[in-house]
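**Q** Model the following, please.
(5 chains, ligands or ions: 4)
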Amino acid sequence: MIVLEGRNLTKHFTAARGPRGRLGRKPPVRAVEDVSIALRAGSVTALVGESGCGKSTVARLLAQVYPATSGEVLLRGEPVRAHRGAAFRDYRRQVQLIFQDPFASLNPFHRVRYHLGRPLRIHGHARSSTHERELVAELLERVSLTPVEQFMDKLPHELSGGQRQRVAIARALAVRPVALIADEPVSMLDVSIRLGVLRLLERLAAESGLALLYITHDIAGARYFAEDITVMYAGRLIESGPSEQLTQEARHPYTRLLLDSAPDPDRVTPPEATRHGEPPSLIDPPGGCRFHPRCPVALPVCSQEAPERTELGDGHWTHCWQAR
Amino acid sequence: MKIKTGIGILAFFTLMALFGPLLIGADPAATSEAGLQGPSARHWLGTTQTGQDVLTQIVYGARVSMGVGVLSAMIATVIAVAVGLVGGYVGGAVDEALSVLTNIFLVLPALPLIIVLAGYLPQRGVASVAVVIAVTGWAWGARVLRAQTLSVRRRDFVQAARASGEGPLRIVFFEILPVLLPVIATSFLATVVAAILAEAGLSFLGLADLSTVSWGSMLYFAQNGQALLIGAWWWFIPPGLCIALIGTGLALVNFGIDEIANPRLRTVKARRKARA
Amino acid sequence: AGKSGSSAPPLVVHAVDAGTFQEDFNPYHLEGVNFGTSGMIHETLMYFNKLKPGEITPWLALKHEWSDKGKSVTFTLRQGVKWTDGQPFTADDVAFTFQMLKDHPQLNRNALEIAGAEALAPDKVRIDFEDTSYAKLYNIAGNSPIVPEHLWSKQQDPVTFTNPKPVGTGPYTLSKFSAQLYEMEKNPSYWQPGKPEVPLLRFPAYTANALQTALQQGEVDWAGAFVPDIQKIFVQGKPEQNKFYFPPEGVVTLLPNLTNPILGRPEVRQAISLAVDRDKIVRVAERGYTKVAHPTGVPMPGGEAYVPPEHRAAAFKVDVAAAKELLKGVDPAKLRFTLLVPSPFTDWVNAAQLIREDLAKVGITVETRGVAFQDWVSKVGKGDYDLSIRATPSGPTPYFQLRSMLHGSLAKPVGEAATGNYERWKDAETDKLIDAYAATEDEAEQQKLTQGLGKIMVDKLPTLPLFYSPAWSQFRTDKYVGWPSEQDPYAMPSPYTSPDAAVVLLHLRAT
Amino acid sequence: MNVMEIRDLSVDYLSNSGAVHAVAGVSLDLRRGEILGLAGESGSGKSTLAGAVARLLRPPAAITSGSVTYHRQDGTAVDVLALGGNALRAFRWKELAVVFQSAMNSLNPVSTVGAQIDDVLRVHVPGMSRDDRAERTTELLKGVGISADRRRSYPHELSGGMRQRAAIAIALALNPEIIIMDEPTTALDVVIQRDILHEIRTLKDEYGFAVVFITHDLSLLMEISDRIAIMYAGRVVETGTAKELHRAPRHPYTLGLLRSFPRLRGPREELLGIPGTPPDLRALPTGCAFHPRCGRAMAECSSELPVLDDGVACLLNGGHGLESHDRS
Amino acid sequence: MRFLARRLGFYLLTAWAAITLNFLIPRLMPGDPVELLVARMKGNVEPAAIDAMRRAFGISDASLWQQYLDYLGNLAQGELGRSITFFPTEVSTVIADSLPWTVGLVGVATLISYLVGTSLGVLLAWKRGTWLDGVLPAATFMHAVPYFWVALALVFVFGVTLRWFPVSRAYGLDVMPGFTGEFAGSVLYHAALPAVTIVVASMADRILGMRNVMVTTLGEDYVVMAEAKGLTSRRVMWAYAARNAILPNITSFALSLGFVVGGSVLTEIVFSYPGIGSMLLKGVENEDFPLMQGIFLVISLAVLVANFLADLAYVVLDPRTRQESE
Ligand SMILES: Nc1ncnc2c1ncn2[C@@H]1O[C@H](COP(=O)(O)OP(=O)(O)OP(=O)(O)O)[C@@H](O)[C@H]1O
Ligand SMILES: Nc1ncnc2c1ncn2[C@@H]1O[C@H](COP(=O)(O)OP(=O)(O)OP(=O)(O)O)[C@@H](O)[C@H]1O
Ligand SMILES: [Mg+2]
Ligand SMILES: [Mg+2]
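**A** Ligands and ions are numbered 1, 2, ... in the order given. Next up, the predicted model:
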């Protein structure tokens, strides 16, 4: 069942601020262009792409942290219109966001109890202080921060990175969402503790039927944790499909390049050595397919026209002239 | 270490301002015919030309000087917090307008403006002087706070609070404000120093209420009485020293706060343990 | 000429505090005009010695004669006087000067009601007034410097004219000007032959502060300034050489606001007067630089003729018991007043403090409040105060001072700015005495009328004299002698008083 | 043929709340012309070790023991820790150069890329003429794939990849024997990272310098390095060739790391990860620092400190592979 | 150039604000200069002459708006009215006479304070942990000392007690202003103590400010890299660390100019220096509206100009802003 869906989402940022106050109007940053993505209950969808390609923007659009320039967000098939008031708070209750950096996403001044208690209060889940306490304990239990009593009164700086991220997850769970968007939830964590957090997310999705969007730049990680992977490049989606199929039989040259470039000690032959150029500017993105300047197999048409979506079966699709 | 010294100095002067007058009891304005006496057992810091006891004046003056400093810093900080937080959090045209206002007050030279304003003041009591100083002294704090608010507002925990459904007021006061407390404290302390100096300057120029004893007015009288020329150093040195000491105390506390926020600034007892 | 003709040393004078000088020598400008312009360059018709009320010395005019019941005065002018550019001084110059004052009220700081001025002969000039002006002789003859018609008539606007190259009839001419120093050298063709003896005057710009150092370091020969500790800073153990003389110049009184119902009661004022220890105020707040005022407020010595004979020896005394007795009938709860003082006047602030202490002893609670000078001016002017301290300047005779303190026409309703009689004294007898004085030319009569005013001062205490305002003057006798003194008060000794300063200079003799 | 030998090196960060033993008794050899990978989690002391070797540590860091010996091509040995003044300055960059994690931060923002290369040449090759220096600058930039006209660009005018290349060009300016690269590609796009790694290899083959490559991305190291050293809590816990480590890791920590990396190809194996959290360096567990997280810890592990012997520091393991880890 | 254009726009707006403020303050505040003048003249003027004088001083009863327009019109022609204190001298003349002294004194002193303070700050940061740290408490203390107190202390020690330096005025009494060595020497001699006051009192801020930024900068990778490159310490310290650390300090320096100017007002008063500060006090004491307004305006505009220059310097020194100006 599709819980949360973004349709043709586009986001242009204007009025960027320079280092010293406003330095005149800048052209818009076309951070996200025409992105459609659907999250299913109980399933993990990965959104993969390089730094700056617009992943977080998609996440924030879905979570309605800011409004889309165009396109719409649908919750259980209903378009979301409200941006304030009770209706919007209701949306907030259903869709939650987890941030990349557990060191930054908890207010250093508030205790764990406050961080978890507030959403319970705001959304009316807690009826009294004792009830709130019980619920907080329950949440801590769910994210395996035990013994619960010990963690409740800690300040963020008294927690390790993995523990903080767990608190952040618990906070998101506190509102009892149906969809959870995790924006690079482990990229700031040490390799050895990443796994625990990811496992927790996986378990939650499976147990509570949450729809989970897992945003990452680590395509190998996505292969392990997501049923579906969607690849993004320079603000656009370029390929999507079931994770195994996508990682093993990628069709878009960028996906392939990504797979080739990812470090892999198991690799038999090292990837060919060519320079691939730089990622494009989002202020003035290349016309046509945005990947064409770096594409090893670009056709003349690639620079003219953006390719339409090509279905490849099993829910695997791509935007590439070569695939047509 | 620094912060301890600073707090020590401040505590000393605060206690002096609060309880000193009770201990001393005497009227700081009381004159006597024992004018211009050097320090002695009876007058620890000597007397002024009109036989007022310098120590008593210093003790009472602490109230006024620190009072003006704290009062105007409080007013200035409230303005700064309001302008900075609102501008930084609300953004858009409001922010633009507040920024321009802030910058205007920032570049206008404060002391000349204070002098001009004070020159017009009909009442030169402690409160009105404090207000004038505050009116010209809030901009720096507002600017720093706005910049900080802008950056804190973008911090993940604020976004997270928003995402979990917190309202704007609660975000400003419960999420952003606590984080800014060190900045507010720093700016408050800096304003206290500036205000004490401004009050002293005004009194020294005779533009504050000279019938209240403050360190600034003591200096005015010392200067008027040519304490320097007649060698009455005990009349002229203590008030200035007190101002400088209190400023030093405040600055030390401030640097201490800075060092907590930015550990790189800490001074290190270096290289002793380095390799042989 | 000064340098070539005489070997006598220059005299360094400090008259007014200034950081820098503006090049302004228009004697009719109020501020900014450089000291010496009146008196040393531009002279008046007569000289009035305020220290000897009634002593009038002919100067540019030899005599005067009233006519038309005091609406007209004719001066006979000295002959042979020359402007420093060589032109002769004539009646036309005098007529021009007064006509100018009539035409430009902005310059008419004495508010003379001039109807016209006419040169009757080269040595005779008549000035007509709208009203009886006997009492204004000082303002006409003693305080209106005469300017040369042949130069000033060419000026478009005498109001803004700065007279950078002043030409006068006085003993000195301007010889050098810069922003921090100007010099005047002796006028070789001055009409008093052989005078002055001082060949060169130097006026360096000193701020109040800088002057103290200069005095201490012996840079200045003649100054008129408040010196906080005159023994240490100026006298420096050489009283025979570094002298000072601070004669009275007006009186400082404790102003009771008579519109206050309690202060309006004479016994309350009497009690206050009895409670205040004026000696202590003079000693502590005024550093002994002045004297306790005579109960009439008339400057003494010098003003004896204007004081009723029975009061000539009177003096204030402190009597707490009597004061308490007087206050018996007054509700003690109502004996609370604020005492308003301009806070920059630090001696008054101290005096107020002492008054507060004294009045507390008789059960009067006083809160002293220091306010900005302009606030004080405005509050006292509008009658918005309980008690205050204020100085009333002296005039050529004590009448001027008493009139300013007591004349009913000056007492404006509370809320309107008054220009005198700030305590708002309303008394028909007082007004009668004052008006009669203005209507007579007879000096004996005038003295008698003034004595009447003195009696009112003593008996009814409309305002409470405290001490005299001292005129400041410090001078060194190593170069020149002949300075005014208590024994010979031939002129105000302060270098900032004109034309007295010129009179002093004309008395100086090289050692 | 070692170009550098580190023996028993320890570095402490002194602070009020006790000394942090960031590097503790590390011994390591760097061979001429090899790429030595240095891996380990955040805070395990990698950068500190590099800083000590390059003599870049500042207070409160203090080298408390050990030696670093540099062997010149002509056979002379140099005690790096004893260098001072001009000798130290000459050692830096002529013999040893450094490339930092983020090029944005390691290039002076207010001077042009060319000027920053020129700076090095001017100081270290005093006889070189201006034109020669300009020529050399161009050549170096070309070598890393930056066109000559970019010489006058300021760092902020270049893209991340170009800046990183420029930093490498600066490192190459004097043909040093050793280049330390401290996470030189972490901030970059994987595609660009790949390009740069390739470039490093090519240049290394051309010039023959040795590289110390620091990262916490073990899979990256396995691909690029000849040999790898794994650090945990300030100590080197295992060294070996990339192949050995890949096939047969001998330290449980190494194994844990390997099993924390998801793989792109092949079957989706179960990822095991490492339980627990990294230790607090101020209060290290006694014995083997890893023992609280180690699934196979024995009683001795908590009391006895294992020494690095034959490439591994673990009591469990006397030189045999922990288990076969060959998955290809 | 866009950056500069925007800044310029801002400064124009601020200048307008200063001008308007200047117009409003005296009109919103109570007080009548003529009454004061009379009170101060102690009987040298008859109260009846007040009205006439009021007219002479150009005190007008026109509507506020009309006054504002007149004021702007006069200002556009550089007319600031006539001073009351120095009537009938034009305010512009008073300012023209006093401004050069202040500009010279404050300019030179600030330059010295900036150069020395910045260098000391750089050095202090560089030599952290050495005996130079002992400068810090002293700087902290100096940072809080009132300008006038420093001035008084210097007067006492070097003027009154030792008599090494003159303690008032701008040049010797007998020196005629002109382009002579004697005059220049005298000016320098007289400026010594006031300049030292400003340098001493304002330098601490520069030292502390520069040190803090510098310390932070020293931790930057590019500085570590510069050191690793084997450059000489001098070069690392100046061309890399200080060169970057100066940038954030430029703005704060420009903004602190307002404080320095304020402090110099007090300094001038202590030293009876014939600059704009002494004039300002005179204006305030005498409720000389036109003079106060004129001086405040000139000071404000001068500080604005200085800030704009700092912005220019910033653009020149920081290539990152230069790019914005394409
Ligand atoms: N508030 C904003 N204003 C202007 N531009 C923005 C804003 N937020 C993001 N951008 C720009 O939009 C583009 C996409 O940003 P986004 O944060 O979505 O990327 P990302 O894929 O999440 O990158 P990363 O992996 O670094 O987190 C970037 O070029 C970024 O600079
Ligand atoms: N200035 C310092 N003061 C105190 N401790 C420090 C300081 N710098 C580093 N440390 C500590 O020293 C240890 C080693 O730090 P180092 O930077 O060498 O680690 P690293 O392995 O390079 O980590 P990363 O992968 O995060 O770069 C860490 O625990 C760190 O907290
Ligand atoms: Mg992101
Ligand atoms: Mg590191």
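
**Q** Could I get the full set of strands for the stretch 151-300 of chain A?
**A** For the stretch 151-300 of chain A, the strands defined by DSSP state E, counting those that start in this stretch occupy A:179-183, A:211-216, A:228-233, A:236-242.

**Q** burial count for the closest residue to chain C within chain D?
**A** Residue nearest to chain C within chain D: D:Val110 (45.2 Å; CB to the nearest CB). Every residue, glycine included, has its C-beta placed from N, CA and C. By other CB atoms under 10 Å in any protein chain shown, the residues close to D:Val110 number 20.

**Q** And it, how far from C:Pro10?
**A** 62 Å (CB to CB, to the nearest Å).

**Q** Contact partners for the residue of chain D closest to chain C?
**A** D:154, E:243-244, E:247, E:317-319 (CB atoms under 8 Å, 6 or more residues apart in numbering or on different chains).

**Q** For residue 120, pull up the helix or strand it's in.
**A** In the absence of a named chain, this looks at chain A. helix A:112-122 (DSSP states H and E).

**Q** you looked at the wrong chain, it should be chain E
**A** helix E:91-126.

**Q** and the next element down the chain from that helix?
**A** Helix E:91-126 is succeeded, C-terminally, by helix E:135-143 (DSSP H and E).

**Q** before we move on, the earlier item: show me which of the contacts of D:Val110 are buried.
**A** D:154, E:243-244, E:247, E:318-319 (16 or more other CB atoms under 10 Å in any protein chain shown).

**Q** can you tell me which of those lies nearest to chain A?
**A** E:Asp318 (9.1 Å).

**Q** Let me see the contact set for the closest residue to D:Val11 other than its chain neighbours.
**A** Spatial nearest neighbour of D:Val11, excluding adjacent residues (CB to CB, 6 or more residues apart in numbering or on different chains): D:Val23 at 4.0 Å. Going by CB under 8 Å, 6+ apart, D:Val23 touches D:9-11, D:45, D:48-49, D:52, D:234.

**Q** got it, and C:Phe161?
**A** Here C:Phe161 is in contact with C:26, C:152, C:155, E:88 (CB under 8 Å, 6+ apart).

**Q** Distance check, it against C:Val147.
**A** For C:Phe161, the distance to C:Val147 - CB to CB - is 10 Å.

**Q** Kindly report the same for C:Glu304.
**A** 37 Å.

**Q** re the thing from before, centre of the chain to the helix holding A:Leu120, how far?
**A** How far helix A:112-122 lies from its chain's middle: 24 Å, per CA atoms, centre = their mean, to the nearest Å.

**Q** right, is that helix up against chain B?
**A** Yes - for helix A:112-122 and chain B, the contact criterion (CB under 8 Å from any CB of the partner chain) is met by A:118-119, A:122.

**Q** And those, which is closest to A:Lys55?
**A** A:Pro119 (24.4 Å; CB to CB).

**Q** My guess is that closest one contacts A:Ala174. True?
**A** Yes - counting by CB atoms under 8 Å, A:Pro119 does reach A:Ala174; the two are 4.1 Å apart.

**Q** Could you tell me which residues touch both of the two?
**A** A:125, B:164.

**Q** Counting neighbours, what do you get for C:Thr430?
**A** Around C:Thr430 there are 23 other residues, counting by other CB under 10 Å.

**Q** close enough to count as contact, it and C:Gly408?
**A** Yes - contact status for C:Thr430 versus C:Gly408: in contact at 6.7 Å, counting by CB under 8 Å.

**Q** and stretch B:148-163, how far from the chain's centre?
**A** So, by CA atoms, centre = their mean, the centroid of stretch B:148-163 is 31 Å from its chain's centroid.

**Q** any idea how far A:Asp34 is from A:Val48?
**A** Where A:Asp34 is concerned, A:Val48 sits at a distance of 18 Å (CB to CB).

**Q** likewise A:Ile122?
**A** 34 Å.

**Q** Please say which of these two ends up with more neighbours.
**A** A:Ile122 (20 against 15).

**Q** Measure how buried the spatially closest residue to the more buried one that is not a sequence neighbour is and give me the count.
**A** Once flanking residues are discounted, A:Ile122 sits nearest to B:Gly165: 4.5 Å by CB to CB, 6+ apart. With neighbours defined by other CB under 10 Å, the count for B:Gly165 comes to 20.

**Q** List the contacts of E:Ser278.
**A** Applying CB under 8 Å, 6+ apart to E:Ser278 gives the contacts C:19-20, C:207, E:98, E:268-269, E:272.

**Q** can you do 10 Å?
**A** Counting by CB atoms under 10 Å, 6 or more residues apart in numbering or on different chains, E:Ser278 touches C:18-20, C:207, E:98, E:101-102, E:265, E:267-272.

**Q** Okay, now the unreliable bits of chain C?
**A** With pLDDT under 70 as the threshold, chain C has low-confidence stretches at C:1-6.

**Q** Tell me which residue of it lies closest to chain D.
**A** Across chain C, the shortest distance to chain D (CB to the nearest CB) belongs to C:Gly19, at 45.2 Å.

**Q** Return the residues in contact with that residue.
**A** C:Gly19 is in contact with C:179-180, C:205-210, E:98, E:101, E:168-170, E:268-269, E:271-275, E:277-279, E:281-282, counting by CB under 10 Å, 6+ apart.

**Q** what does E:Ser233 give?
**A** D:85, D:89, E:126, E:226-227.

**Q** Let's see the PyMOL selection covering just the buried ones among those.
**A** Restricted to buried positions by 16+ other CB under 10 Å, the PyMOL selection for the contacts of E:Ser233 reads:
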select buried, (chain D and resi 89) or (chain E and resi 126+226+227)
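
**Q** ok, of the contacts of E:Ser233, which one's closest to ligand 1?
**A** E:Ala226 (28.4 Å; CB to the nearest ligand atom).

**Q** Surely that closest one touches D:Asp119?
**A** Yes - with contact defined as CB atoms under 10 Å, E:Ala226 reaches D:Asp119; the gap is 7.9 Å.

**Q** Can you check which residues contact both of these two?
**A** Contacts common to E:Ala226 and D:Asp119, judged by CB under 10 Å, 6+ apart, are D:108, E:235, E:239-240.

**Q** which two of the residues you listed lie the greatest distance from each other?
**A** Pairwise over these, using CB to CB, the maximum falls at D:Asn108 and E:Arg235, 11.0 Å.

**Q** Can you find the helix or strand in chain B with the smallest mean pLDDT?
**A** Ranking every helix and strand in chain B by mean pLDDT, DSSP states H and E puts helix B:110-120 at the bottom, with a mean of 76.

**Q** C-terminal to that helix, what's the next element?
**A** For helix B:110-120, the following helix or strand on the C-terminal side (DSSP H and E) is helix B:126-137.

**Q** from the middle of its chain, how far away would that following helix be?
**A** Per CA atoms, centre = their mean, the centroid offset for helix B:126-137 relative to its chain is 11 Å.

**Q** Same question for stretch C:146-155.
**A** Relative to the centre of its chain, stretch C:146-155 is centred 28 Å away, using CA atoms, centre = their mean.

**Q** try stretch C:306-316
**A** Centroid separation for stretch C:306-316 versus its chain: 23 Å, with CA atoms, centre = their mean.

**Q** In PDB, please show the C-alpha coordinates belonging to that stretch.
**A** The C-alpha coordinates for stretch C:306-316 follow below in PDB (Å, rounded to 0.1, in the frame of the first residue of the first chain):
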ATOM      1  CA  TYR C 306      22.200 101.700  50.200                       C
ATOM      2  CA  VAL C 307      21.600  99.800  53.400                       C
ATOM      3  CA  PRO C 308      19.300 101.100  56.100                       C
ATOM      4  CA  PRO C 309      21.500 102.600  58.900                       C
ATOM      5  CA  GLU C 310      19.900 100.300  61.600                       C
ATOM      6  CA  HIS C 311      20.800  97.200  59.600                       C
ATOM      7  CA  ARG C 312      24.300  98.200  58.600                       C
ATOM      8  CA  ALA C 313      25.900  96.000  61.200                       C
ATOM      9  CA  ALA C 314      23.400  93.200  61.000                       C
ATOM     10  CA  ALA C 315      24.500  89.700  60.300                       C
ATOM     11  CA  PHE C 316      22.900  86.300  60.100                       C
END
